[in-house]
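K.L.:
got a predicted structure here, sequence first:
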Amino acid sequence: MTIGAYFLCAIPTSYIASRLLKGIDIRSYGSGVSSGSNVWHSVSRWAGVTVVTFDILKGLVPVTISYYVLGFDIWAAGIVGLAAIAGHSWSIFLRFHGGRGVATMMGSLMTLVPLVVLIFVVIMLLGFIIFKNSPISMLFGVAATPLASLGLGNSPGLTLCLFGMVLLLITKRLLAERTIPPGEWKRVMIYRLFLDRDTRNREAWIYQASSSTEET
């Protein structure tokens, strides 16, 4: 199930949708990330929503089968969820490129700890109200999930899996499949961690790849 979850979630839904609907490689447009949010900006909003829905299902389906059908212990189903996130974020079909993994993580948690998903949504919304910044609010929401699991008294094994999921998402933000200009390492790492991009200007970042493609 762990291996199957990786390969299932490695199916690049954002790449497939952008190819079918607009004939483009999503990695060369918008922010350059193979994600539902980039499809939203670079293809269409309804396509972005559809991709996010499939990305949630990619985490939900293997974990649900593991836990409810095959009777895995909850921590073992959590490991299947970890593999699902890894497959989505580092797809073997895209030379280990991929999306951020948040939607797939939420799909996994809907089966394992639905109350934690609710806590994630509440914290994310509060963060957005306070900071007016979706990457920061998303970071706080994701970071709160293992703490919420710990506070709810879930099994230590499951809580460790949630910590692992958070580490995968943070690692994805920091690595980002992009080179860092010489001497810019500290600044770029801070931007990637908190803003999920390499610059302060959000609009310029979202549309940078499509602009450079058009110029080429």
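P.N.:
Nice, I can see it. What you see is a predicted model; the values in this text were computed from it and never measured.
K.L.:
now do E184 against A176, distance only.
P.N.:
13 Å (C-beta to C-beta, to the nearest Å). Backbone N, C-alpha and C define where each C-beta goes, glycine included.
K.L.:
between these two, which one's more packed in?
P.N.:
Taking neighbours as other C-beta atoms under 10 Å, E184 and A176 compare with A176 leading, 20 against 11.
K.L.:
quick check: L162 touching V116?
P.N.:
Yes: with contact defined as C-beta atoms under 8 Å, L162 and V116 form a contacting pair (7.4 Å).
K.L.:
show me which of those two is the more surrounded one.
P.N.:
For L162 versus V116, neighbours defined as other C-beta under 10 Å are more numerous around L162 (27 against 24).
K.L.:
mind pulling the model confidence for the more buried one?
P.N.:
pLDDT for L162: 95.
K.L.:
can you tell me the distance between the two ends of stretch 35-54?
P.N.:
11 Å (C-alpha to C-alpha, to the nearest Å).
K.L.:
just give me how far it sits from the chain centre.
P.N.:
Centroid displacement of stretch 35-54 relative to its chain, using C-alpha atoms, centre = their mean, to the nearest Å, is 13 Å.
K.L.:
how about the spatially most central residue of the chain, phi and psi?
P.N.:
Note on the chain: the residue nearest the mean C-alpha position is G101, at 2.0 Å, using C-alpha atoms, centre = their mean. Main-chain dihedrals, G101, degrees, to the nearest 10: phi 100, psi 0.
K.L.:
surely it touches K172?
P.N.:
Yes: proximity of G101 to K172 meets the contact threshold set by C-beta under 8 Å, at 5.8 Å.
K.L.:
joint contacts of those two?
P.N.:
S89 (C-beta atoms under 8 Å, 6 or more residues apart in numbering).
K.L.:
what spatial separation is found between M124 and G141?
P.N.:
Distance from M124 to G141, by C-beta to C-beta: 3 Å.
K.L.:
look at those two and report which has more neighbours.
P.N.:
Counted by other C-beta under 10 Å, M124 and G141 do not tie: G141 has more neighbours, with 23 against 20.
K.L.:
what number of residues lie near W75?
P.N.:
16.
K.L.:
next, the contact list for the residue nearest to it when sequence neighbours are not counted, please.
P.N.:
Using C-beta to C-beta, 6 or more residues apart in numbering and skipping the chain neighbours, the partner closest in space to W75 is G157 (2.8 Å). Shown in contact with G157 (C-beta under 8 Å, 6+ apart): D73, I74, W75, G78.
K.L.:
and with 10 Å instead?
P.N.:
Contact analysis of G157 by C-beta atoms under 10 Å, 6 or more residues apart in numbering lists D73, I74, W75, A76, G78, I79.
K.L.:
list just the nearest of those residues to I65.
P.N.:
A76 (12.1 Å; C-beta to C-beta).
K.L.:
distance check, that closest one against G157.
P.N.:
8 Å.
K.L.:
was I right about S14 contacting V51?
P.N.:
Yes: here S14 reaches V51: they are 5.0 Å apart, a contact under C-beta atoms under 10 Å.
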